[in-house]
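Novice: sequence first, then the predicted structure, then my questions.
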Amino acid sequence: SNLVPPPFFFGLPHFGWILLRYDKMATHSKGERGRVVFISASYLSIEYEHIPSEEMAEAIFFFGSDRRWIFPACEEEVQDSRAQPTDYLGFTQAFKDLILAKEAEGLCFFLRPHKDFALISHRLEQVRDPLTNEPYRPLKLDKDFWFALPDDRLKFARSAKFVYDNARRGDHRYEEVKELLYQSNPTLRPILMWS
């Protein structure tokens with residue numbers, strides 16, 4: 001690509017900065033186009049420095065964790081973070097700055113503590129799809145949709161019912177979350193691991 005990223009994008013947040021127009025959005029190895037959604041803070045914290053800047057610039061973060069586990073405001077929240085299986089307090093400052101930059105752009109969502117996919121849907125609908133220049137459509141949370149969807153039309157999950165149950169419970173099972181995002185907005189590219 002002949003696009004030049006800003007100075008050390010990953011270490012220094014550039015609030016409101018947009019690198020690409022939708023017609024120059026990067027294409028990954030499978031030839032798919034669209035905005036990447038990183039769904040795991042723990043995996044992304046390991047890989048973020050190796051992800052192309054043009055992908056990261058447009059990416060959405062949708063984490064199942066609680067924001068307070070990464071940015072605790074009191075000792076009680078520190079202890080709650082330490083009780084989690086992921087060492088959120090060990091995230092580098094550069095990665096935390098990246099999360100803050102995404103939050104400032106309205107491109108970072110945390111499922112906890114509310115565990116409410118309707119709330120996530122509302123926030124997603126405030127974001128414009130760079131491929132269509134239209135707002136993203138609501139997440140498909142209706143039981144009738146998922147129970148009528150044949151499993152052979154699924155891209156990630158093994159069962160449409162599992163996707164519905166995951167959303168109803170407010171869980172963040174990776175394959176089910178990826179399926180929910182994809183079926184709701186097929187131009188989204190949900191990713192657990194980049195490599």
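Specialist: Nice, thanks for sending it over.
Novice: neighbouring strands of the top strand by length along the chain in the sheet, and parallel or not?
Specialist: Assignment by DSSP state E gives strand 60-66 as the longest strand of the chain. Here strand 60-66 is paired, per DSSP bridges, with strand 35-38 (parallel), strand 108-112 (parallel).
Novice: give me the angle between the helix or strand just after the longest one and strand 60-66.
Specialist: The one in question is strand 108-112. Once the chain leaves strand 108-112, the next helix or strand it forms, by DSSP states H and E, is helix 117-124. Orientation of helix 117-124 against strand 60-66 (axes from the mean of the first three to the mean of the last three Cα atoms, to 10 degrees) gives an angle of 150 degrees.
Novice: what comes up buried for helix 117-124?
Specialist: 117, 120-121, 124 (16 or more other Cβ atoms under 10 Å). (Glycine included, C-beta is placed from N, CA and C.)
Novice: cool, stretch 143-155 as well?
Specialist: 146, 149, 154.
Novice: could you export stretch 65-74 as CSV, CA atoms only?
Specialist: Output of stretch 65-74 as CSV, limited to C-alpha atoms (Å, rounded to 0.1, in the frame of the first residue of the first chain):
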residue,chain,number,x,y,z
SER,A,65,-14.7,-7.8,29.4
ASP,A,66,-15.6,-5.0,31.8
ARG,A,67,-13.9,-1.7,31.0
ARG,A,68,-13.1,-1.4,34.7
TRP,A,69,-10.9,-4.5,34.6
ILE,A,70,-8.5,-2.5,32.3
PHE,A,71,-9.1,1.0,33.8
PRO,A,72,-9.9,0.4,37.5
ALA,A,73,-10.9,3.6,39.4
CYS,A,74,-10.6,2.2,42.9
